[in-house]
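Asks: here you go, sequence then predicted model.
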Amino acid sequence: QVQLQESGPGLVKPSQTLSLTCTVSGDSITSKYYYYGWLRQPPGKRLEWMGAIAGDGTTYYSPSLKSLTSISRDTLKNQFSLQLSSVTPEDTAVYYCARSRYGSSSYRDPNEYHYRGQGTQVTVSS
């Protein structure tokens, strides 16, 4: 069974870049059957899809975050990473890395991500 684990700082200052890494075990991030994505849930708000990377390395981003977001991967370590630049306090949220449902093409729908890490709280504050 696939397992995902987020890692990264829990506190980021405004205007800085948030960087998180997801370590995946039990499956390869190069699999053509899944998307690996980043989701977040601000306090009191819905779960939001931020972006994803496909097995062939193609990346997809939420239009509202596209200019600020970058997703990359290290296939040797079976990890993928998120960078969110110019953060503000509104970026305070629990961040999750996740794997989509088998064969799903609805990679923008957060409900399609059936496996998630436990989540990591990121607070943006000076």
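Replies: Received the coordinates, thanks.

Asks: residue ranges with poor pLDDT in the protein?
Replies: Within the chain, no stretch has pLDDT under 70.

Asks: in it, which residue is most central in space?
Replies: Nearest to the mean C-alpha position of the chain, counting by Cα atoms, centre = their mean, stands Trp38 at 1.8 Å.

Asks: tell me which residues in the helix or strand containing that one are buried?
Replies: Mapping Trp38 onto the secondary structure by DSSP states H and E places it in strand 35-41. With burial defined by 16 or more other Cβ atoms under 10 Å, the residues of strand 35-41 counted as buried are Tyr35, Tyr36, Gly37, Trp38, Leu39, Arg40. Just so you know, the C-beta spots here come from the backbone N, C-alpha and C atoms, and that holds for glycine as well.

Asks: put the alpha carbons of that strand into CSV.
Replies: Extracted as CSV, the C-alpha positions of strand 35-41 are listed here (Å, rounded to 0.1, in the frame of the first residue of the first chain):
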residue,chain,number,x,y,z
TYR,A,35,-1.0,11.7,-10.5
TYR,A,36,0.8,12.9,-7.4
GLY,A,37,-0.4,16.2,-6.1
TRP,A,38,-0.4,18.8,-3.5
LEU,A,39,-3.5,19.9,-1.6
ARG,A,40,-4.0,22.3,1.2
GLN,A,41,-6.8,23.3,3.6
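
Asks: give me the next element, helix or strand, following it.
Replies: For strand 35-41, the following helix or strand on the C-terminal side (DSSP H and E) is strand 48-54.

Asks: just checking, what packs against that following strand?
Replies: Applying 3 or more Cβ pairs under 8 Å, 6 or more residues apart in numbering; DSSP states H and E, one finds that strand 48-54 makes contact with strand 35-41, strand 59-61, strand 69-74, strand 79-84.

Asks: make CSV out of these and add distance to Thr23.
Replies: Conversion of the helices and strands packed on strand 48-54 to CSV gives the following (distance: least, Cβ to Cβ, whole Å):
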stretch, distance to Thr23
strand 35-41, 11
strand 59-61, 19
strand 69-74, 10
strand 79-84, 5
